[in-house]
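1. Kindly return the folded structure for what I paste below:
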Amino acid sequence: MVAIGRIRTSHGVRGEMKVLSYSGVFDHFEKLQAVELRKGLVEKRLQVESFRWVGENLLLKFAGIDSPEAAKLLADFEIWVTRDQAAPLEEGEVYLSDLVGCSLVFAGETKGQITGYLEGASKILLEVDKTSGGTCIVPFQDVYLGDIDLTGRTVELKVDWILE
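-> Okay, here's the model as predicted:
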């Protein structure tokens, strides 16, 4: 399963919700039939009843969510689907969730393991457990990271000083 977006807020009086797409692509949302919503330890499985466009906003309506009050309770829940329902990847793209568990390698030596990621306003940050002990954050940028081998479960680290 992968996270494809987040519910932003309710819209109107029927229980519809505005959706943020993590990929910036929305075509795959229009084909959804069921999704899993997650927020912290709370998980809900819901059936998609309908979708429609209002200007630049895609609105989703879930079965059983029929009022703005009920819809507001789902604000900030992430939308999770099976990988085959997610946006297709372009050349050189990866799902961030696929990086979790990969080894961070510098000059052939494993320096740590990626344990998670944070998505900020302008940057994605990888959480790393260092083999030397402790944790650190590495920006997900070409200047710091090189080749990503999902089969071998490794991510090349271009500079090791970033771990200090």
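2. Show me what secondary structure element comes after the helix or strand of the chain with the lowest mean pLDDT.
-> Lowest by mean pLDDT, DSSP states H and E among the helices and strands of the chain is helix 96-99, with a mean of 87. The helix or strand immediately downstream of helix 96-99 is strand 103-106, counting by DSSP states H and E.
3. How far does that next one sit from its chain's centre?
-> Centroid separation for strand 103-106 versus its chain: 22 Å, with CA atoms, centre = their mean, to the nearest Å.
4. Mind checking the pLDDT average for it?
-> Averaging pLDDT along strand 103-106 gives 97.
5. tell me the domain ranges of this structure?
-> 2-85, 96-159 (automatic domain parsing).
6. Please give the number of neighbouring residues around residue 39.
-> 15 (other CB atoms under 10 Å). In short, each C-beta sits where N, CA and C put it, glycine included.
7. And the closest residue to it other than its chain neighbours, how far from residue 89?
-> Distance criterion CB to CB, 6 or more residues apart in numbering; nearest residue to residue 39, sequence neighbours excluded, is residue 77 at 4.4 Å. Counting by CB to CB, to the nearest Å, the gap from residue 77 to residue 89 is 24 Å.
8. ok, the two, which is more surrounded?
-> residue 77 (21 against 12).
9. Please tell me how far the nearest residue to residue 74 once chain neighbours are set aside sits from residue 143.
-> Using CB to CB, 6+ apart and skipping residues adjacent in sequence, the residue nearest residue 74 is residue 7, 5.1 Å away. From residue 7 across to residue 143, the span is 34 Å (CB to CB).
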